[in-house]
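> The following comprises the amino acid sequence and a computationally predicted model.
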Amino acid sequence: MTKQIVLASASPRRRELLKQLAIEFTSVATDIEETQLPEEHAPNMVARLARLKALAAQRQFPNALVIAADTDVELDGAILGKPRDAADARAMLTALRQRAHNVFTGFTIADGARCETEIAHTRVFMRDYSDAEITTYIASGDPFDKAAGYAAQHPDLRPVARVDGCFANVMGMPLCRLYHALERHIEMPAPRLECLAHSERDCSVEKTLFQVKS
């Protein structure tokens with residue numbers, strides 16, 4: 001019997017990203033407190049939260065293969081969460097403009113007694129978007145459910161100048177890393193994905209990512 005796969009996330013972006021791997025899965029929300037612990041850095045935080053989400057979903061689906069993830073943006077050592085309001089979104093987008101920052105995603109695969117967590121890191125360089133572009137983007141409402149207040153793939157703002165590392169990671173799930181991790185648990189569809197993290201080549205799925213909903 002084929003093992004049930006559960007994505008421990010209600011995020012539309014993560015659902016759309018996981019569909020790129022051509023596997024059947026069920027998506028469920030988890031009620032996890034996503035606050036930063038004292039002195040906790042972004043890589044530790046995303047790994048901890050991904051594991052907590054996976055374990056919460058596993059309690060609902062004890063016989064399933066559970067996938068969970070958490071993504072955070074780090075600028076100058078500070079974690080930028082989702083904006084509280086328009087002023088907070090403007091402050092974040094202004095601070096990020098024409099600068100580099102770090103995006104970390106922790107993802108966990110829970111399969112019965114096994115619970116494995118990996119961390120992906122991407123360095124993101126933002127372009128010199130204008131104040132008017134920020135205003136228009138905030139008015140669209142898009143920033144408010146995004147870490148650091150932006151979607152890299154947004155068709156109008158397109159805030160990212162370039163990335164060093166996995167582009168899918170910036171969107172919330174390092175697909176190729178996840179593909180390789182899932183291979184240890186289930187038979188994955190062909191063709192086998194390769195990416196910068198594994199072969200020092202351009203990501204084989206990046207060209208499709210701008211089709212994913214923001």
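That came through, no problem.
> got the residue ranges for the helices in the protein?
Taking DSSP state H as the criterion, the chain carries its helices at 12-19, 42-60, 86-96, 131-140, 167-171, 175-182, 196-199.
> right, so these: which one is the most enclosed?
Ranked by mean neighbour count under mean count of other Cβ atoms under 10 Å, those are led by helix 167-171, which reaches a mean of 27. For glycine as for every other residue, the C-beta is placed from the backbone atoms N, C-alpha and C.
> Report the mean per-residue pLDDT for it.
For helix 167-171, mean pLDDT is 91.
> Now that helix - C-alpha only, PDB.
Once side chains and other backbone atoms are set aside, the C-alpha atoms of helix 167-171 remain, and they are given as PDB (Å, rounded to 0.1, in the frame of the first residue of the first chain):
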ATOM      1  CA  PHE A 167      15.400  30.100  -5.300                       C
ATOM      2  CA  ALA A 168      12.600  27.700  -4.200                       C
ATOM      3  CA  ASN A 169      14.000  28.100  -0.600                       C
ATOM      4  CA  VAL A 170      13.200  31.800  -0.700                       C
ATOM      5  CA  MET A 171       9.600  30.900  -1.500                       C
END
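> And that helix, what does it pack against?
Helices and strands touching helix 167-171, as assessed by 3 or more Cβ pairs under 8 Å, 6 or more residues apart in numbering; DSSP states H and E, comprise helix 12-19, strand 100-111, strand 114-126, helix 175-182.
> list the buried ones in stretch 18-37?
Along stretch 18-37, the positions that meet the burial threshold by neighbour count (16 or more other Cβ atoms under 10 Å) are 18, 20-21, 23, 25, 27-28, 30, 32, 36.
> Please apply the same query to stretch 113-120.
117-120.
> can you list the weak-confidence ranges in the chain?
Counting by pLDDT under 70, the chain has low-confidence residues at 1, 193-214.
> mind listing what the spatially most central residue of the chain touches?
Per Cα atoms, centre = their mean, the C-alpha nearest to the average position across the chain is that of residue 172, at 1.2 Å. Applying Cβ atoms under 8 Å, 6 or more residues apart in numbering, we find residue 172 in contact with 11, 13-14, 17, 69, 71, 105.
> Give the closest residue to it in space, chain neighbours not counted.
Using Cβ to Cβ, 6 or more residues apart in numbering and skipping residues adjacent in sequence, the residue nearest residue 172 is residue 71, 4.8 Å away.
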